[in-house]
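Q: sequence and computational prediction follow.
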Amino acid sequence: MTPVKAKSSRDDRQMFWFMLVIAGYLLAALAFPLYAILSKSFKNHDGEFVGLVNYIEYFNTPSLTYSIKNSLTISLITTVISVGIAFTLAYGLNRSCMRFKSMFKMIALVPILVPSLLPGIALVYLFGRQGMINGLMFGNDIYGPIGIVISEVFFTLPHALIIIMTALSIADARLYEAAESLNAGKIKTFFTVTIPGARYGLISAAFVVFTLTITDFGAPKVIGGDFNVLATDIYKQVIGQQNFEMGAVVSLILLLPAGLAFAVDRIMQRKQVALLSARAVAYEPKPSARFDWLMFGWAVVVSVFILTILLTCQYAALIKFYPYNLTLSLDNYQFDLMDGGGWQSFFNSLELAAWTAVIGTIVIFLGAYMVEKVKGFNAARGLFQFLAMLPMAVPGLVLGLAYIFFFNAPDNPLNFLYHTMAILVISTITHFYTVAHLTAITALKQMDPEFESVGASLKTPFYRTFTRVTVPVCLPAVLDISIYLFVNAMTTVSAVVFLYGPHTSLASVAVLNMDDAGDIAPAAAMGMMIFYTNATVRIVHGLLSRGVLRKTQSWRYR
Amino acid sequence: MNTSNPYLRISNLTKKFGEFTALLDISLEVYEGEFICFLGPSGCGKTTLLRAIAGLDIQTYGTVEQAGRDVSALPPAERDFGIVFQSYALFPNLTIEKNIGYGLENQKQPGNLVRKRVAELLQLVGMSDQAKKYPAQLSGGQQQRVALARAIAISPGLLLLDEPLSALDAKVRVKLRHEIKSLQHKLGVTTIMVTHDQEEALTMADRIVVINQGLIEQVGTPQEIYGMPATRFVADFIGSMNFLPIGSMDEKSIRIGAHQFAYSGAGSATDDNAGDKYLAAIRPEDIQVGGNNGNTINATVESIEFLGPYVRAELTSRQLGGSSLFADFSANRVRSDELTQGSEIKISLPPQSIRIFSE
């Protein structure tokens, strides 16, 4: 008997072409550049294939290999501290009845709104050679591992907090009731119920923090001093020494731990989902004066740490000439008087963020829709899903360098994109593709899988069901994706630092360059401009989505 | 009902998911205007068969012909059916009238015609006063009606219902059973409903298709399925049935334990395979209290389970060789006969109620 060969519908064919277009985008914006950087690492200056020569040279240069150890050390220490703080804070926010929870949570999420360069600048003002409270350093130098670790803890804390809070929030109250009925003590319950329940979240948070730290370039650049790490090595090799081949080698070495951490994280996330049971009963904390005050005190400490960094930057931005002239002025905001691209770079950043938010949301949501809803073509969908997950494992600097190799190649027809706003938009969308993609997939998975079947039975083409039903129902997720892309486009340095052109300098890059040139106060001021923008956009976005949601999502409420 | 030419003809349909065979060599004919129920335990393949008919999960082998057209390989959009899912899959962001009009708007009909048809459908399912509401504001039963109205809006030749009532309360379910049946009757649309609820199938269907483990066990009217189950599975699955091991048998009588029962054998499905052991089957409600004939035996009431209008008694009888069986007695009967646990009674197994199946 011959098997029935299903005739594909017009919908299927159209969707398949759509998917091919977006897969083509991901190939051009991700796979081909990564291949370019890989092949570059096996070539010499003249582009001849030399095998492992560059790698041998790398491992025979102690000043370079030393960075591997530095990077790993910094990342491990940061992971322990950041996850420790995030867990205890999340525990307080989730399991205590302390007051001002939403305020503490808001403060803890502030670091997402600023570039990773900013905490370094604040630390210079606080603990630098002429710092306000440098006595607390007891003779140690803030420039170096200490400064990097503090900056990275600041930078990674919100990411760890979000993951761990999610893990703690899905706890099943029935387990706690069972433990109580069995007369288990508080400590025993903590180690037998709480920790096992949150373990995947903890592991996942640890890997995310580790990856963010080892791939971060902002903090070590500003506050690292002579302490070299892999990320700064890439920058130095490329920008300082124009040694692209060695930059490629370091990039691939950096790709290893990041890729590994990413893979472990994905496995953990999958297990976390399996823990969720539809019948779980939400845990409601009971008041306990001593515990609540303890957690409150801890939340205050963490908030003070974050606000101190932020306010120090604000202070630095408003002071005329620290520490000699402490009068307040807006002089530091006269960016046009400094190097770094002036106010234009700020407006470029706004433009980049807007384009990234709009185009990125469309591309990513459509791509996720295709992966979720196209029937058949399993191999193509698998490949697409893989490409969509890949950016998470690729450090921004590596992506940026890969873009130089790919788009700047004279024989590439896409060469015209080089040094344009377009390439900045493409690289930023690609850099932040994965999280946005996962948000979209999650939202789409929550929809009834039969919507499309109903549409087909009513002879309605898929794009009509997509625009009339899918997009409106997923609107909250769509808005989340757009704000995520906007905020990250404002703060990112790593990918774009290799790609901006004379007319497309960006605010975050300006912070870097002004800091490099010794204009630390203007750098702080520009950093604060990014903060104001992101904070404003966040608030407007919050109000707007509430308004839009009330209007379009009235069906959600009875 | 037109019995000459089937409206839907399924021939030798097999569906495999990898190594697993969900449906094996299914052949079935459905006539125009019929109400067919696919009935079976969960995982038996009934929904798979429905989805193959809809083109949502196309079969591995075999053909599906609808109204004389071979639709075997066609995608859903090129077939002619309306469907109601278990989840209803109502579009949550569209009002009731927009949901019902969804398929019509796409047909490029003028707006006032669409509105007229939607109003008509709303009236048909008794939802006219809810037109502007959203699905989340309706009860389960109301959502069900909307899903039904949406499915029949484009006047499909075939209506497919996938467990449409299983998410509802018992009372609403009974009410909607009648509504769906009368609506189907009014429209005359050929309908296939998937259900695991035998009561639903027995009350609604013109014909029932009993499916088990990917195979059709029996096709027949509710009366046939209940009264003349073709296989032991059907006998066991539909209603309650006592199975008693048979010692020996001939054409007129069977021996169970120590007693020889007369047996009229009409319509009973016996297997010619003499090597098999046979079971006598009788429904609990067919067992009579009292009597004085060759099929009357003494029994002891072991326990009584109160089920409202009737009771189910567990009986044992030495004459049956220790086998126990269940009998349903009316509550009145139990009161007047003062049946309690431990009562010694006479019961009769009417010859025409005994059926024989191979083990």
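A: It's in.
Q: tell me the contacts of residue A:388?
A: Shown in contact with residue A:388 (C-beta atoms under 8 Å, 6 or more residues apart in numbering or on different chains): A:26, A:367, A:368, A:371, A:433, A:434, A:437. The way it works is simple: take the backbone N, C-alpha and C, and place the C-beta from them, glycine included.
Q: how does it look with 7 Å?
A: A:26, A:367, A:433, A:434, A:437 (C-beta atoms under 7 Å, 6 or more residues apart in numbering or on different chains).
Q: among those residues, which lie within helices?
A: A:26, A:367, A:433, A:434, A:437 (DSSP state H).
Q: I'd say the second one and residue A:24 touch.
A: No. Proximity of residue A:367 to residue A:24 does not meet the contact threshold set by C-beta atoms under 7 Å, at 11.0 Å.
Q: which of these two has more residues huddled nearby?
A: residue A:367 (26 against 10; other C-beta atoms under 10 Å in any protein chain shown).
Q: let me see the ranges of the helices in the stretch 201-350 of chain B.
A: Using DSSP state H, counting those that start in this stretch, the helices found in the stretch 201-350 of chain B span residues B:222-227, B:232-237, B:331-337.
Q: before we move on, what about the stretch 51-200 of chain B?
A: Counting by DSSP H, counting those that start in this stretch, the helices of the stretch 51-200 of chain B are B:96-105, B:111-124, B:140-152, B:170-187, B:198-204.
Q: contact partners for whichever residue of the stretch 201-350 of chain B sits closest to chain A?
A: Closest approach between the stretch 201-350 of chain B and chain A, counting by C-beta to the nearest C-beta: residue B:214, at 16.2 Å. By C-beta under 7 Å, 6+ apart, the residues touching residue B:214 are B:21, B:22, B:23, B:24, B:45.
Q: check the residues you listed against chain A, which are close?
A: Among those, no residue is within reach of chain A (C-beta under 7 Å from any C-beta of the partner chain).
Q: which one of those residues has the most neighbours?
A: That'd be residue B:23 among the contacts of residue B:214, by other C-beta under 10 Å, with 25 neighbours.
Q: relative to residue B:10, how far out is that one?
A: 10 Å (C-beta to C-beta, to the nearest Å).
Q: I figured residue B:134 hits residue B:97, correct?
A: No. With contact defined as C-beta under 7 Å, residue B:134 does not count as touching residue B:97 (10.8 Å).
Q: quick revisit: now for the helices of the stretch 51-200 of chain B, which one comes closest to residue A:521?
A: helix B:96-105 (58.2 Å; C-beta to C-beta).
Q: hmm, back to that, let me have the helices of the stretch 51-200 of chain B in JSON lines, adding mean neighbour count and mean pLDDT as columns.
A: Listed next are the helices of the stretch 51-200 of chain B as JSON lines, based on neighbours: other C-beta atoms under 10 Å in any protein chain shown; pLDDT from 0 to 100:
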{"stretch": "helix B:96-105", "mean neighbour count": "23", "mean pLDDT": "92"}
{"stretch": "helix B:111-124", "mean neighbour count": "15", "mean pLDDT": "92"}
{"stretch": "helix B:140-152", "mean neighbour count": "23", "mean pLDDT": "93"}
{"stretch": "helix B:170-187", "mean neighbour count": "15", "mean pLDDT": "92"}
{"stretch": "helix B:198-204", "mean neighbour count": "19", "mean pLDDT": "94"}
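Q: figure out which of those helices is closest to residue B:63.
A: Once these are compared by C-beta to C-beta, helix B:140-152 is nearest, at 24.6 Å.
Q: for the stretch 1-150 of chain B, what are the low-confidence residue spans?
A: B:1-4 (pLDDT under 70).
Q: and with 50 instead?
A: B:1 (pLDDT under 50).
Q: ok, now the stretch 201-350 of chain B?
A: Ranges of the stretch 201-350 of chain B meeting pLDDT under 50: B:267, B:269, B:271, B:273-275.
Q: strands of that one, residue ranges please.
A: B:207-212, B:215-220, B:242-245, B:248-249, B:253-256, B:259-262, B:278-282, B:288-289, B:296-306, B:310-316, B:324-330, B:344-348 (DSSP state E, counting those that start in this stretch).
Q: send me the last one as PDB with only the CA atoms.
A: In other words, strand B:344-348. Once non-C-alpha atoms are left out, strand B:344-348 reads as follows in PDB (Å, rounded to 0.1, in the frame of the first residue of the first chain):
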ATOM      1  CA  GLU B 344     -31.900 -15.900  50.800                       C
ATOM      2  CA  ILE B 345     -33.800 -15.400  47.500                       C
ATOM      3  CA  LYS B 346     -34.700 -17.100  44.300                       C
ATOM      4  CA  ILE B 347     -33.600 -15.600  41.100                       C
ATOM      5  CA  SER B 348     -34.200 -16.400  37.500                       C
END
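Q: for stretch A:128-143, what is the average pLDDT?
A: Per-region confidence: stretch A:128-143 scores 81 on mean pLDDT.
Q: residue of the stretch 101-250 of chain B closest to chain A, please.
A: Closest point on the stretch 101-250 of chain B to chain A, by C-beta to the nearest C-beta, is residue B:103, at 3.1 Å.
Q: contacting residues for that residue?
A: By C-beta under 7 Å, 6+ apart, the neighbours of residue B:103 are A:458, A:459, A:460, B:150, B:153, B:154.
Q: let's see that with 6 Å instead.
A: Listed by C-beta atoms under 6 Å, 6 or more residues apart in numbering or on different chains, the contact partners of residue B:103 are A:458, B:153, B:154.
Q: quick one, phi/psi of the nearest residue to it once chain neighbours are set aside?
A: Closest residue to residue B:103 apart from its sequence neighbours, by C-beta to C-beta, 6 or more residues apart in numbering or on different chains: residue A:458 at 3.1 Å. Per-residue torsions, residue A:458: phi -90, psi 10 (degrees, to the nearest 10).
Q: how many neighbouring residues does residue A:458 have?
A: Residue A:458, neighbours per other C-beta under 10 Å, totals 24.
Q: circling back to that earlier point, as CSV, the contacts of residue A:388 with pLDDT would be great.
A: Output for those, formatted as CSV (pLDDT from 0 to 100):
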residue, pLDDT
A:26, 91
A:367, 92
A:433, 95
A:434, 91
A:437, 93
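Q: burial of residue A:55, as a residue count?
A: For residue A:55, using other C-beta under 10 Å, the count is 16.
Q: the one helix or strand it maps to: which residues count as buried?
A: Assessed by DSSP states H and E, residue A:55 sits inside helix A:53-59. Buried residues in helix A:53-59, counted by 16 or more other C-beta atoms under 10 Å in any protein chain shown: A:54, A:55, A:58.
Q: tell me the SS of residue A:448?
A: Under the three-state scheme (DSSP: H, G, I helix; E, B strand; the rest coil), residue A:448 adopts coil.
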